[in-house]
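Enquirer: Sequence plus the predicted model coming up.
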Amino acid sequence: MRICVINPNTATAMTEVIAVAARSVARPDAEIVAVTSPMGPASIESHYDEALAVPGLLRAIDDHPDHDGYLIACFGDPGLDAAREIAVAPVLGIAEAAMHVAAPLGRGFSIVTTLDRTIGRAGDLVEHYGFARQCRGIHACDIPVLELETNPATADILEKACREALHADGSDAIVLGCAGMADLAHRISDAIGAPVIDGVAAGVGMLSSMAAMGLRTGTASGEFASPPTKIYSGPLEGFGRT
Ligand SMILES: O=C(O)C[C@H]1NC(=O)NC1=O
């Protein structure tokens, strides 16, 4: 089976972090194809970034047909519904996947994301995916996405934020709110003595199981059918379905 893991920002170093996390849980019979978005923001930290990240991630899906699953490796799960219209295999976002894995691990989980301004979007996704009862709090560690890799204090700052979130919320697990944190999940879990869920690993695990079950999508009708044929002009020329 082949699982396509897409970093919707253009930071190739972050794609490498994502690829390592994805391959750490991949089944022996699963090939992980890690892709960096061909166009868009260097990182996604606002609604504006999120909107401008979608064309690139949709192009990445178009450029990688016939895979058995697609993972949108950005905690805002940008373009998830649009991706489901054009992919013929299951598509997950890492926020969605992480919440599904965290929920059975106790009575409640907390989310620790990057900037304060992304807390609202994370809360929208908690509501949208139906985890309002289990999500006990959403916190920011105040490290910008691209500084996660460059700030030498990232691990200590994030560990402190996760420990404080766990105790303040009375949670049983932590969800990491950025794909760029994927390489720190095990270290932080050991340090705080609680499960810490990275959505990249969670998503690869879920998609691999779905592929092993033979679950395909690409329904010819319904909300996630292929988009109607039309012209897309300007920089979006070449998008669309013929
Ligand atoms: O929303 C965030 O802060 C995290 C999100 N941004 C990004 O470029 N990759 C992510 O996972």
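Expert: All right, it came through fine. Residues are numbered from 1 along each chain as shown.

Enquirer: Please report how far the residue most central in space within the chain lies from residue 233.
Expert: By C-alpha atoms, centre = their mean, the chain has its centre lying nearest to residue 94, at 2.5 Å. Residue 94 sits at a distance of 32 Å from residue 233 (criterion: C-beta to C-beta, to the nearest Å). To be clear about C-beta, it is placed using only N, CA and C from the backbone, and glycine gets the same treatment.

Enquirer: pLDDT (mean, whole number) over stretch 64-82?
Expert: For stretch 64-82, mean pLDDT is 97.

Enquirer: Quick one: distance of it to the chain centre.
Expert: 8 Å (C-alpha atoms, centre = their mean, to the nearest Å).

Enquirer: Only the buried residues of it, if you could.
Expert: 67-80, 82 (16 or more other C-beta atoms under 10 Å).

Enquirer: Can I get that stretch in CSV, CA atoms only?
Expert: As requested, the backbone C-alpha atoms of stretch 64-82 are provided in CSV (Å, rounded to 0.1, in the frame of the first residue of the first chain):
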residue,chain,number,x,y,z
HIS,A,64,0.1,11.7,-6.6
PRO,A,65,-2.9,9.7,-7.9
ASP,A,66,-3.6,6.0,-7.1
HIS,A,67,-2.4,6.1,-3.4
ASP,A,68,-4.3,4.2,-0.7
GLY,A,69,-4.7,7.1,1.6
TYR,A,70,-3.8,10.8,2.0
LEU,A,71,-2.8,12.7,5.1
ILE,A,72,-2.9,16.5,5.3
ALA,A,73,-0.1,17.1,7.7
CYS,A,74,-1.1,20.5,9.1
PHE,A,75,-3.1,20.9,12.4
GLY,A,76,-5.6,23.2,10.8
ASP,A,77,-6.6,20.3,8.5
PRO,A,78,-6.7,22.8,5.6
GLY,A,79,-8.7,21.9,2.5
LEU,A,80,-9.8,18.6,4.0
ASP,A,81,-13.3,18.5,2.4
ALA,A,82,-12.0,19.7,-1.0
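
Enquirer: So is that stretch next to the ligand?
Expert: Yes: Stretch 64-82 lies within reach of the ligand by C-beta under 6 Å from any ligand atom, at 74, 75, 76.

Enquirer: Domains in this protein, by residue range?
Expert: The chain resolves into domains spanning 2-94+201-239, 96-198 when parsed by automatic domain parsing.

Enquirer: chain center to the last one, what's the gap?
Expert: Distance of domain 96-198 from the chain centroid (C-alpha atoms, centre = their mean) equals 13 Å.

Enquirer: and it with the ligand, contact?
Expert: Yes: contact of domain 96-198 with the ligand (C-beta under 6 Å from any ligand atom) involves 113, 114, 118, 145, 178, 179, 180.

Enquirer: Out of those, who's the most crowded?
Expert: residue 179 (31 neighbours; other C-beta atoms under 10 Å).

Enquirer: Now that residue. Nearest residue, chain neighbours left out?
Expert: residue 73 (4.4 Å; C-beta to C-beta, 6 or more residues apart in numbering).
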